[in-house]
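# Compute the structure for the input listed below.
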Amino acid sequence: MLLTKSHTHDLVNILKDKVLPNLEEIRNYQGTNGEIIKNHERAKVILLDVVAVTEAIYESLHLTTVWNAFKKDVLDWIERGIDQTPYFDRTLLAYSPPANGEGTFFLGPIVTPNGPTQRGFYLEAFLAVREEPEIMKSIEEDLPHPKNGCESLKLIIGTQGFMEGKCIVFFPENVKTKENVTSQNFAMFFFNKFHRIYNEDTLKRAGTIFPDFNFKSTSMSREDTYKARVIWGYLHDYYHHCGKKPFDQHIQAKMNFFAGILEEVKVDCQTILTLTEKKYSYWEEITEFVLFERLLRYPSQHNAARNFDSGTGFFLFSWLVINGNSIVRDDNWLHLDVTQCLQELRALVEEIEELETIHDDYHYKQEAERYVRQYLLPSDNGDKFIIPDKYFINEQNKGIQIPYLTFNESNL
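Numbering: from 1, shown residues only. Alright, predicted model coming up:
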């Protein structure tokens, strides 16, 4: 369903007046697995009210089948006991991502990676519109995506998990379901959030830690940043679907913490190597996006030693310091040679791809852990790893003052 301005206005008003306040209240009653831990009777009233009110939203977006599934999932949860974990298998199965230009709405127990500090399967919702820039057509023709499940959207309004913090993703595996998600038939990204994230966080870190770097990515407009981020997203997802162990066909193996780190680092390295070769629009700016997001912003998470994305950054920085010469420390100055870095990343990709020739997933995960553990040593306090000594910028990076990001209609 194509979204007009008046339609969007009407949906936003319904959400603001009748849905989001209810979801904000109920999340205060939820545990981290989505279960209701207090005020059970009030929570039931809220859930039934949300079901009733959202029918108009789903119907106006031609998502009536999803609303029916959502209703059944809520009623089943209430019948089983709302102090139990909610399962929204029906809702996820019924949901179809939008075509270009179409609006979409989803509501369910969703974990929002890198969103607010308190992480869990809280009831979250979002209204968004898919917007694929015209600039993508030539890139898609040049590198046809094997499945093209990657979707670029502009977030319009949503719950705390999407409107606060830095979560820009919605994947099937983000939803709490009874059955494990074994295939990823869509990957949705709210790339209009990226302009503020990059400018108000990442660039501040990069300018402080690499003070002599000649940036190409400063002063980009919001719309150019969106287009560039879409290109990165497409190439990143393209490479997820390539190689000996494509993510969509080995989702359970690749969701392993250590294999996942190698997967994420590999596809980002392949992305910037391709950009350098193909010279697509914004190729230099996107290279900076990738490197500084991974090396600086991701490791700055509050729970860095337990955070997957942080792990990718710590791993990549440490690998480069140990195996290459592109990051050089000179007294209190740090220098990054991008040309040298690209050569080193090519070698890293080759090492990761060699591991992916291991056919058996069990042995592959074992070898992936062995490889990553060379750089991220195990912890004895429940953390996933010890912050590596080679990440010698850790204290400096953590000390940079970054505002807490909240999003609304005026800054999206």
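
# what distance separates the start and the end of stretch 30-43?
Using C-alpha to C-alpha, to the nearest Å, the span of stretch 30-43 from its first residue to its last is 9 Å.

# how about it: buried residues?
Within stretch 30-43, the residues scored as buried using 16 or more other C-beta atoms under 10 Å are 30, 34, 35, 36, 43. Bear in mind the C-beta positions are built from the backbone N, C-alpha and C, glycine included.

# give the contact list for the last one.
Spelled out, that is residue 43. Each residue near residue 43 by C-beta atoms under 8 Å, 6 or more residues apart in numbering is listed here: 26, 29, 36, 82.

# Roughly how far does residue 368 sit from residue 233?
Applying C-beta to C-beta, to the nearest Å, the value for residue 368 to residue 233 is 24 Å.

# and what of residue 5?
The gap separating residue 5 from residue 233 is 26 Å, by C-beta to C-beta.

# out of those two, which sits in the busier spot?
Here residue 5 and residue 233 are compared on neighbour count by other C-beta atoms under 10 Å; more neighbours surround residue 233, at 23 against 7.

# Which of the helices or strands spans that one?
Assigned by DSSP states H and E, residue 233 falls within helix 222-240.

# what number of residues lie near residue 75?
Neighbours around residue 75, by other C-beta under 10 Å: 13.

# Tell me if it really is in a helix.
Yes: using DSSP: H, G, I helix; E, B strand; the rest coil, the assignment for residue 75 is a helix.

# give me every residue that touches it.
Neighbouring residues of residue 75 by C-beta under 8 Å, 6+ apart: residue 51.

# can we see that at 10 Å?
Applying C-beta atoms under 10 Å, 6 or more residues apart in numbering to residue 75 gives the contacts 47, 48, 51.

# what's the spacing between it and residue 88?
Distance, residue 75 to residue 88, using C-beta to C-beta: 12 Å.

# Going by neighbour count, list what's buried in the helix or strand that comes right after the helix holding residue 233.
Later in the chain than helix 222-240, the nearest helix or strand by DSSP H and E is helix 251-254. For helix 251-254, the neighbour count (16+ other C-beta under 10 Å) marks 251, 253, 254 as buried.

# From residue 272, how far off is the last one?
When C-beta to C-beta is the yardstick, residue 254 and residue 272 sit 20 Å from each other.

# if we can go back for a sec, for the contacts of residue 43, which entry has the maximal number of neighbours?
That'd be residue 36 among the contacts of residue 43, by other C-beta under 10 Å, with 24 neighbours.

# give me phi/psi at it?
Dihedral angles of residue 36 (phi, psi; degrees, to the nearest 10) stand at phi -90, psi 120.

# hey, what's it bridged with?
When bridges are called by DSSP bridges, residue 36 pairs up with residue 30.

# residue contacts, it?
By C-beta under 10 Å, 6+ apart, the contact list for residue 36 reads 26, 29-30, 42-44, 46-47, 77-78, 81-84, 86, 123.

# These in helices, which ones?
In helices, judged by DSSP state H, the following of these are found: 26, 42, 43, 44, 46, 47, 77, 78.

# So of those residues, which two are at opposite extremes in space?
Greatest spatial distance among those (C-beta to C-beta): 42 and 77, at 15.1 Å.

# possible to save the buried residues of stretch 30-43 as TSV with pLDDT and distance to residue 362?
Shown next, in TSV, are the buried residues of stretch 30-43 (pLDDT from 0 to 100; distance: C-beta to C-beta, whole Å):
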residue	pLDDT	distance to residue 362
30	98	35
34	98	30
35	98	32
36	98	37
43	98	41
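
# Dump these into TSV; add distance to residue 97 as well.
What follows is the buried residues of stretch 30-43, written out as TSV (distance: C-beta to C-beta, whole Å):
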residue	distance to residue 97
30	26
34	22
35	28
36	29
43	29
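
# Strands of this protein, residue ranges please.
Per DSSP state E, the chain carries strands over the ranges 103-110, 122-130, 150-158, 169-170, 187-190, 327-330, 333-336.

# Dump these to a markdown table, plus mean neighbour count.
As requested, those are arranged in a markdown table below (neighbours: other C-beta atoms under 10 Å):
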| stretch | mean neighbour count |
| --- | --- |
| strand 103-110 | 25 |
| strand 122-130 | 24 |
| strand 150-158 | 22 |
| strand 169-170 | 21 |
| strand 187-190 | 23 |
| strand 327-330 | 13 |
| strand 333-336 | 15 |
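
# The ones you listed: which one's closest to residue 289?
Across the strands of the chain, residue 289 has its closest neighbour in strand 187-190 (13.1 Å, C-beta to C-beta).

# Got the domain ranges for this protein?
Per automatic domain parsing, the domain ranges recorded for the chain read 5-130+150-185, 194-399.

# And the ones you listed: which comes nearest residue 138?
domain 194-399 (8.4 Å).

# Share the number of residues neighbouring the residue nearest to residue 92 when sequence neighbours are not counted, please.
Spatial nearest neighbour of residue 92, excluding adjacent residues (C-beta to C-beta, 6 or more residues apart in numbering): residue 175 at 5.0 Å. The local packing of residue 175 (other C-beta under 10 Å) involves 23 other residues.

# quick one, what contacts residue 175?
Neighbour list for residue 175: 34, 86-89, 91-92, 95, 106, 108-111, 121, 124, 181 [criterion: C-beta under 10 Å, 6+ apart].
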